[in-house]
Structure formats: C-alpha cells, structure tokens
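# Predicted model, plus sequence, below.
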Amino acid sequence: MHPNAKPIGLWPIVMMTLLSVGLVNHVIVVPLLLAEAKRDAWLSIPVALIIALPIAAFPLQRVMFKMNRVRFDEWLKQRIPTFFVWLILAIINLALLFVAFGSLVDVVSWTSNTYLPLTPQFVVLFVFCFICMFAAMNGLRTIAYVSCILLPIVVVLGDFVMTANMPAKDYRFLLPMFEMGMYPILKGAVFSISAFMELSFLLLIQHEMKRSFKKWHLLLLTLMIMLLTLGPTVGAITLFGPNEASLMRYPAYSQWRLVKIGKYFEHVDFFAVFQWLSGALIRISLSLYLIQLYGPFRKIKRKWISMLITVLILAAASLFVLMHMKWYMILMHAYFQSAWVLFGTVLLLLWILSFMKPKKSEQPKAQGGYRNEP
C-alpha cells in the first residue's frame, strides 16, 4: 500500500472475502463433496465447521493481531532468515496462481457448456483474463468496493433461487444419516476445510486494512462461508436426490434451471451468470493483485508488464487444461485433498513466529489505520 493511501474498512474486506472464498465453497467444492460423500455430503460441512472455528479464532486471529498492519513479507523478515521468507512467499504465490487457475478454468468451461457454446474458449478466456487484469491493476480498494456493489445482488439472487425451488425440494433425501459411515463424511470435510483455509489470505492484505479483525469477526465470517457451502449442497440433494446430485458437474447452476414462478415465468438461469462471474471476477482479480504484490515480478517498475506476464502464464496453463479436462478434475481433487495440509503448515509456522520478538534493528511500522493495543 502506498504510504499516503487510505486504509480500507473491514466491511469492504469482508464482502470481498465472501465473494472470493464464497465462490470456491459455493461452486467448486460442492460437486467434489457430493461425489465423495453423496447423501451425507451435507454432514461434512458441520464437521468442517467444528475444526474451522478454533483455527479462525486462535492461530489466524493471533497472527493477524501480531502483524499489526505490517506488510506480510516485512513482518517475516524481522523474524526469520531471508531464504525462508522467499520459500514461504514461493509457496503462497504458487497457491495463489492455482487459485486463479482453478477459478478461470471452471468459469470458461462452464461458460462454454451453458450459455456461449459457439464462442471459442480462448476468446472467453482472454477477455475474462484482461477484465480481471484491469481490476487488479486498479488495486485492492477497487476490488473491495466493487465487491460492495456485487455482493448484495448475489445474496438476493441466492435467496431467490433457494425460495423459488422450495416446493420442489424433498428433505427426506437427507436421511438416513451416516449411510456409509463416517469415512466419506470425513473425506468430504477435508474439501471444506481446504476451501476455508483460503481465509488465511487475509494475512496478505491486513496491512491495507483500517483495523484488525477481532475473534468474533473471524468466527462470523467462517460461519457465513460454511453456510455458503451448506446451501447448494442441501439444495442439490433435496432437489435431485443423492445419486443424481453426485454425478452433476455444476449442481449450483442446475438448481437455477428448475426455477419457475407461476405458469409463465421461467428460464431465469441467466441470473446464475451474474452470480458466478461476480465471484470469479473478484477471486481472480484478488489473486492477481496479491501475486503482483508478493510475486517474483514485483520489482519490475512498470506494473502492467509484470501483471501481463502473470496473466499470460495463467492463460496458457488454463488453455492447455481446457483441452484436457480429465487432468483438471484430477488436479482439483488432489489440490483440495492436500491444500489444508499446506495452508495449515504455513499458518502453524506463522503462529509460532508470532511469539517471537522482531529484530531490534529496522522494526517495521504499521502502514495505516489504528495500531492494535496489547
């Protein structure tokens, strides 16, 4: 953040997080959950919540509090050797690149399969890439405030599809519970926890916030994110049955196609386009912004050049995988099975470092907002 830039309030950050992390929980993780746990997929989410709440309330909140709006890499340099700082940043940048990659492939694939089947995939890919690049170039404040406009509409549309489909839902499909035992539920919970752990990306932007998150802020945010997973999961099972839902590639979108109000009002699934593209825009733009901030090209003076390099790498990888979707599904499955270990290890390390005092020379200063009082 530029020294003279105003810090961003908590609400814009919360809304941006709900759109970004909400997309993966609402859209990307749900088909994996249903395929793994089928009828009991909805039970995986409370199990994940039991694990996620303590993580948010203690290690994540403590690290954020101790950083005290000091930039992430500067805070690390005050506690560990430079080599390990670079190693942690490399891991984080790879994770950010994969987050953007997974979201981009999913959006382009879904777009081609639904409402733009005759448009070449590379056209959709590059157009969306450059829209996200433009948003990222305008900075975190732009991304956050655009989220404030988009999120209320997304929430209203989500409530609309849930309510409109209520007569068609059969909640008996949720029973019996524990049909296949605890193992599928625990495997499903792993996917939810991996998606939740993306909340730790807040540590990368806390230096641009007006004040730090309190425990209840993070607990409420965690609960809201988990509800974003529970809604479409329960909706898919109760509308289509566990077997059919487990075979669906886009269960959240399929629920929109059932919406019918009266005899004449139907085919409103175009609202799903707004929902999906809103989340993808914020998620990919935020990832690009953070890669620009902490990535290997950040020392290039002209920011648009470093951003363009990142976008071209992302576009090339996405275009290749779009022609080999089986590889993509294998990659996503492997990522969500292992991401919780990666994020958990890094967060544990940061939590340990939060007990260490910074070096006496060149103690970093908070970049704006209010300092945290001990």
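Yep, it's here.

# got the contact list for the residue nearest to residue 179 when sequence neighbours are not counted?
Spatial nearest neighbour of residue 179, excluding adjacent residues (Cβ to Cβ, 6 or more residues apart in numbering): residue 39 at 5.2 Å. The C-beta positions use only the backbone N, C-alpha and C, and glycine is treated the same way. Residue 39 sits next to 173-174, 176, 179-180, 237, 242 when contact means Cβ atoms under 8 Å, 6 or more residues apart in numbering.

# Quick check: phi and psi at residue 39.
phi -60, psi -30 (degrees, to the nearest 10).

# Would you show me how to pick out the buried ones of the contacts of residue 39 in PyMOL?
Per 16 or more other Cβ atoms under 10 Å, the buried members of those correspond to this PyMOL selection:
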select buried, resi 173+174+237+242
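
# For residue 287, state which of the contacts of residue 39 is nearest.
residue 237 (30.7 Å; Cβ to Cβ).

# Just confirm that closest one is within a helix.
Yes. Using DSSP: H, G, I helix; E, B strand; the rest coil, the secondary structure at residue 237 is a helix.

# May I have the residues that are in contact with it?
Residue 237 touches 34, 39, 41-42, 173-174, 245, counting by Cβ under 8 Å, 6+ apart.

# Kindly report the same for residue 242.
34, 38-39, 41, 173.

# All the helices of the stretch 101-250 of the chain, in order from the start?
Along the stretch 101-250 of the chain, counting by DSSP state H, counting those that start in this stretch, helices occupy 121-137, 140-164, 183-196, 202-205, 215-240, 242-247.

# what's the most buried one of those helices?
helix 183-196 (a mean of 23; mean count of other Cβ atoms under 10 Å).

# got the angle for it vs helix 215-240?
130 degrees (axes from the mean of the first three to the mean of the last three Cα atoms, to 10 degrees).

# Give me the contacts around helix 183-196.
21, 24-25, 28-29, 32-33, 36-38, 40-41, 43-45, 47-49, 51-52, 55, 178, 222, 225-226, 229, 335-340, 343.

# And for stretch 154-170?
Taking Cβ under 8 Å, 6+ apart as the rule, stretch 154-170 contacts 19, 231, 235, 238-239, 255-256, 258-261, 271-272, 274-275, 278-279.

# Now a PyMOL select for only the buried ones of those residues.
The PyMOL selection below is limited to those of the contacts of stretch 154-170 classed as buried (16+ other Cβ under 10 Å):
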select buried, resi 19+231+235+238+239+255+256+258+259+271+272+275+278+279
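
# Among the contacts of stretch 154-170, which ones are in strands?
Among those, the members found in strands (DSSP state E) are 260-261.

# residue with max distance from the center of the chain?
The centre of the chain is farthest from one residue, residue 263, which by Cα atoms, centre = their mean lies 37.6 Å away.

# And the pLDDT for residue 300?
Note on residue 300: pLDDT of 82.

# how many neighbours does it have?
Residues lying near residue 300 (other Cβ atoms under 10 Å) number 14.

# swap in the one 3 residues further on?
By other Cβ under 10 Å, 14 other residues sit near residue 303.

# Quick check: it vs residue 292, distance?
7 Å (Cβ to Cβ, to the nearest Å).

# one step back: for the helices of the stretch 101-250 of the chain, which one sits closest to residue 84?
helix 202-205 (16.2 Å).

# ok, residues contacting the closest one?
13, 17, 60, 63-64, 67, 72, 92, 140, 213, 290, 293-294, 350.

# what do you get if the cut-off is 10 Å, keeping everything else the same?
1, 8, 13-14, 16-17, 21, 56, 60-61, 63-64, 67, 71-73, 75, 89, 92, 96, 140, 143-144, 209, 212-213, 218, 221, 286, 289-290, 293-294, 346-347, 350 (Cβ atoms under 10 Å, 6 or more residues apart in numbering).
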